[in-house]
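Undergrad: Need a 3D model of the following:
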Amino acid sequence: MSILTNLIGKQVNVKLAGDKSFEGILTDEGQNILVLYNGQEYYYIPLIHIISISNVTGDKIVNSIEDSIMKEMNVISYRNILTNVKRNFVEISVKSNLTFHGYILNILSDYLVFYSPVFKTMYLSLAHLKWLRLYNQNRNPYNLTKESFPDDLMNGPMSHSLESQLKKIEGKIIVIDGGSDSMKIGLLNKVDNSLIELVQASGEINYLRLSHIKSIHVP
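TA: Sure thing, here's the model as predicted:
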């Protein structure tokens, strides 16, 4: 029995790293993840990114009459959650101000393959996944029609590790962490020993630690 068991069914405030917080009913908890219902939707939050959980009083959130996807699992874990929502419309946060909307296509050892209508195929680091929200499956991202999506979203086999997968795209322009930092946009020259050698528009070379990278896509 977890020390969080006595909070199941109660309204709590969950504070995450990066000053992000959620308030809702703690409906489930597993080996390394908990589920929060905020009155409208379920949020799936890895424990590793949680700073604190506290019981709160005030306006009572009405619990959902629909169970979370955890009710269908024998073993509740972060990886099982991701597996169960593959090819479902989700929102994923990889840092406090960076979220992506789309579909999980594959889950590998340290990253997942994600399809976004905006960024197309992306690689998201599992270590940096802050929370996940499962949308109503009668909705599509940006109200796009099914015909707007490729018939086969997967584009060839994926390597087991993110570093190995990035070696396959050496020589291509990549955008790291959504592209908000110009230092993280450039030509992927080389990947070696958890370091990325990135050539920027000016020709200058920047070296980035792979462990700090949250998302990558090829424009």
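
Undergrad: burial measure for the nearest residue to N140 once chain neighbours are set aside, as a count.
TA: Once flanking residues are discounted, N140 sits nearest to F89: 6.5 Å by C-beta to C-beta, 6 or more residues apart in numbering. C-beta here means a position set from N, CA and C on the backbone, and glycine is covered the same way. Counted with other C-beta atoms under 10 Å, the neighbours of F89 add up to 18.

Undergrad: residue contacts, F89?
TA: F89 makes contact with H101, G102, Y103, L134, Y135, N136, Q137, R139, N140, P141 under the criterion C-beta atoms under 8 Å, 6 or more residues apart in numbering.

Undergrad: what sits against the closest residue to L7 other than its chain neighbours?
TA: Excluding the flanking residues, the one nearest L7 by C-beta to C-beta, 6+ apart is L26, at 5.0 Å. With contacts defined as C-beta under 8 Å, 6+ apart, the neighbours of L26 are L4, L7, I8, G9, K10, Q11, V12, L34, V35, L36, I53.

Undergrad: Can you tell me which of those is nearest I107?
TA: V35 (18.5 Å; C-beta to C-beta).

Undergrad: I figured the closest one hits Y44, correct?
TA: Yes - contact status for V35 versus Y44: in contact at 5.7 Å, counting by C-beta atoms under 8 Å.

Undergrad: before we move on, could you check phi and psi at the residue nearest to L34 when sequence neighbours are not counted?
TA: What sits nearest to L34 in space, not counting adjacent residues and going by C-beta to C-beta, 6+ apart, is I45, at 5.6 Å. Main-chain dihedrals, I45, degrees, to the nearest 10: phi -120, psi 120.
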